[in-house]
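1. Model the structure of this input:
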Amino acid sequence: FAGVVYHYDQEGVHRAASGWEQSISIPLVQPDMWELLQHWDNLLEEFSLEEAWLPHRYEEQQHNCFTFALTLVNRVRCGRGWQPLSKAEFTERFLLPHTTAAARYLRLHRHLAHSDVLIVPLQEQQQEQDC
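-> Below is the predicted model:
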């Protein structure tokens, strides 16, 4: 997966092409939202340049990277005529399912890594079967 990560902290908005390899990518735009997918990069860039995301506005508890993401999601939702999400709804609908799955995967990976099991990537298995 290639792309740029936008993140907001006390120094303002940052765009990073690397350094986020250990993060979880959470799809916010459904595949059937073709027109939105086409404009997503421009929308995100314009949003990140708004005055609300200047460094001096950052506040660790109330105006942070979570607020940045939720505000963007709610702007898109409102533009589509949908109700905005609260912090709790956003967490429950978007974050918890993915972080729970990631935690399960990490537990399984750690368990297998410390047992007498050989982990073979699926891609190698398919190549061996094709020969």
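2. gap between whichever helix in the chain runs longest and the chain center?
-> If you go by DSSP state H, the chain has its longest helix at helix 96-113. Relative to the chain's own centre, helix 96-113 is displaced by 17 Å; criterion: CA atoms, centre = their mean, to the nearest Å.
3. Now do that helix, average pLDDT.
-> Averaged over helix 96-113, pLDDT sits at 89.
4. Kindly report the same for stretch 33-51.
-> In this model, stretch 33-51 has an average pLDDT of 86.
5. just the CA coordinates of it, formatted as CSV?
-> Extracted C-alpha coordinates of stretch 33-51, given in CSV (Å, rounded to 0.1, in the frame of the first residue of the first chain):
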residue,chain,number,x,y,z
MET,A,33,-18.1,6.2,-3.7
TRP,A,34,-16.1,6.6,-7.0
GLU,A,35,-16.6,10.3,-7.3
LEU,A,36,-15.4,10.9,-3.7
LEU,A,37,-12.4,8.7,-4.3
GLN,A,38,-11.4,10.8,-7.3
HIS,A,39,-11.4,14.0,-5.2
TRP,A,40,-10.1,12.6,-1.9
ASP,A,41,-6.5,13.8,-2.2
ASN,A,42,-7.6,17.4,-3.1
LEU,A,43,-10.2,17.4,-0.4
LEU,A,44,-7.6,16.2,2.2
GLU,A,45,-5.0,18.7,1.0
GLU,A,46,-7.4,21.7,1.2
PHE,A,47,-8.7,20.6,4.6
SER,A,48,-5.2,20.3,6.0
LEU,A,49,-4.5,23.9,5.0
GLU,A,50,-7.4,25.4,7.0
GLU,A,51,-6.8,27.8,9.8
